[in-house]
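Undergrad: Coordinates for the following, if possible.
(chains A, B and C)
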Amino acid sequence: MDQPLRQTPKGERCSPAAALLAWYDRQRRDLPWRAKPGETADPYLVWLSEIMLQQTTVTAVKPYFDAFRRRWPDVAALAAAPVEAVMQQWAGLGYYARARNLHACAKAVVVWYGGQFPATEAELRQLPGIGPYTAGAVAAIAFGRQAVAVDGNVERVIARLYAIDTPLPAAKPLIAAHARSLLDPERPGDFAQAMMDLGATICTPRRPLCGLCPLNTFCLAAARLSPEDWPRKAAKAARPARRGAAFFLRRGAELLLRTRPPQGLLGGMSEFPGTEWSADYDPTNALRDAPLIADYHRLDVTVMHQFTHFILTLDIFVADGRRGTKPPQGCRWVSDIEAEALPSVMRKVVAAVRSSGWWERA
DNA sequence: GAGGCGTGGAA
DNA sequence: TTTCCAAGCCT
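TA: Here you go, the predicted model:
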């Protein structure tokens, strides 16, 4: 693939990678998982951060990264932890298959590689939860390998740089080829992080700051004065609505919870018992699915929550269980809700019950 | 290739 | 309020 070049003020020829790295050396973001200039990156921390950052913002990741690093300082410690503890620590970050795969990957690194992460893309790619992007990122950033890490940022930067009209995801192979052609063989790790910094701070999805961009003079989309027109993407389908009910059962200071199946939506996480979540939910029939017989009261408020592929509206039925009431099959009485792996949608249920005033009434 | 899989913040 | 989306992976 051809390398565009331009003249610098001093007259030497300047590649996009050189311009990018010069910008990165001045403007690099200081992030908790990022080695300082001259320092060696810890593969465990690079890997941990890359898994957390999948489809997740830096702001959301920071507190989770700190907590994980403090609680499990190395891959052996994480591998030795119960998977339930990992799920609980992950609660709120979303995409919970990542947490299960994180733990499985830690165990695999200990068993297969004696607790040392492998350095090649091909080996990393075999580990659970590590796909093409993460394998490239860890190989380049933690081990200095000649690998590119093509994430959403890089796709956007490359698609604009070359004004690629093929829509995503069909354009991915072409974009990856362009990325490899740009790669600086001396600094693959910095190149990967520089591309992501550029996409995150300059070459943003909306209103990119082309005047500050080190690649401005190379960029075909900027030359056409409409960088926001790239990357091309197929239109997404509208998010359908689903409804359901959650049953908030209290027995003294305890609450009735159950654990969702390990696979699928919110896999392995805790929840209040409830109905199916469906488009044709009928609130008048909701109590047929109640986990035990009680004097239920439906709250006036509902809980709304946006999942990736549908929008959920939840009715909430509250009731007190009598002392000595046995938990139904698959459920358990829980006294410490904070120790549970409660996803955000279920925390919203708790908040709704608290704000309703029912909680204080006897 | 397409769809499932969370969440919270920005515009 | 609605829409979009942020360092993807798995099936």
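Undergrad: Could you name the specific helix or strand carrying residue A:173?
TA: Using DSSP states H and E, residue A:173 falls within helix A:172-182.
Undergrad: quick check, the very next helix or strand once past that helix touching DNA strand B?
TA: Note on helix A:172-182: by DSSP H and E, the next helix or strand toward the C-terminus is helix A:188-201. No - Helix A:188-201 lies apart from DNA strand B when judged by C-beta under 7 Å from any atom of the strand; the minimum separation is 12.5 Å. All C-beta spots, glycine's among them, are computed from the backbone N, C-alpha and C.
Undergrad: Spell out which parts of the stretch 51-200 of chain A neighbour DNA strand C.
TA: With C-beta under 7 Å from any atom of the strand as the criterion, the stretch 51-200 of chain A comes near DNA strand C at residues A:53-58, A:95, A:97, A:101, A:128-135, A:137, A:151-153, A:156, A:193, A:196-197, A:199-200.
Undergrad: Now the buried members of the residues you listed.
TA: A:53, A:101, A:129-130, A:132-135, A:137, A:151, A:153, A:156, A:193, A:196-197, A:199-200 (16 or more other C-beta atoms under 10 Å).
Undergrad: which bits of the stretch 251-362 of chain A sit near DNA strand C?
TA: A:306, A:308.
Undergrad: how about the nearest residue to residue A:179, chain neighbours excluded?
TA: Take residue A:179 and drop its neighbours on the chain: the residue closest to it by C-beta to C-beta, 6 or more residues apart in numbering is residue A:148, 4.3 Å away.
Undergrad: is it true that that neighbour touches residue A:154?
TA: Yes - Residue A:148 is within contact range of residue A:154, at 7.4 Å (criterion: C-beta atoms under 8 Å).
Undergrad: shared neighbours of those two, anything?
TA: Taking C-beta atoms under 8 Å, 6 or more residues apart in numbering as the contact criterion, the common neighbours of residue A:148 and residue A:154 are residue A:179.
Undergrad: quick one on the thing from earlier: what sits up against the helix holding residue A:173?
TA: For helix A:172-182, contacts defined as C-beta under 8 Å, 6+ apart pick out A:1-3, A:15-17, A:148, A:150, A:154-155, A:158-159, A:161-162, A:164, A:166, A:191, A:195.
Undergrad: Quick check: residues of chain A near DNA strand B?
TA: A:55-57, A:59-60, A:92-97, A:169-170, A:206, A:234, A:237, A:264-267, A:305-309, A:343-345, A:347.
Undergrad: Go through these and flag which are in strands.
TA: Among those, DSSP state E puts A:305-306 in strands.
Undergrad: Does residue A:300 touch residue A:356 like I think?
TA: Yes - Residue A:300 is within contact range of residue A:356, at 7.3 Å (criterion: C-beta under 8 Å).
Undergrad: Of the two, give the one with the bigger neighbour count.
TA: Ranked by neighbour count (other C-beta atoms under 10 Å), residue A:300 and residue A:356 place residue A:356 first, with 17 against 7.
Undergrad: quick one: the more buried one and residue A:250, what's the gap?
TA: Relative to residue A:250, residue A:356 is positioned 13 Å away (C-beta to C-beta, to the nearest Å).
Undergrad: Quick check: neighbours shared by those two?
TA: With C-beta under 8 Å, 6+ apart, residue A:356 and residue A:250 have common neighbours residue A:318.
Undergrad: With just CA atoms, put the helix holding residue A:173 into PDB.
TA: Extracted in PDB, the C-alpha atoms of helix A:172-182 (Å, rounded to 0.1, in the frame of the first residue of the first chain):
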ATOM      1  CA  LYS A 172     -12.500  -3.700   7.900                       C
ATOM      2  CA  PRO A 173     -10.000  -5.700   5.800                       C
ATOM      3  CA  LEU A 174      -9.100  -2.700   3.700                       C
ATOM      4  CA  ILE A 175      -8.800  -0.500   6.800                       C
ATOM      5  CA  ALA A 176      -6.500  -3.000   8.500                       C
ATOM      6  CA  ALA A 177      -4.300  -3.200   5.400                       C
ATOM      7  CA  HIS A 178      -4.000   0.600   5.400                       C
ATOM      8  CA  ALA A 179      -3.100   0.500   9.100                       C
ATOM      9  CA  ARG A 180      -0.400  -2.000   8.600                       C
ATOM     10  CA  SER A 181       1.100   0.100   5.800                       C
ATOM     11  CA  LEU A 182       1.200   3.100   8.100                       C
END
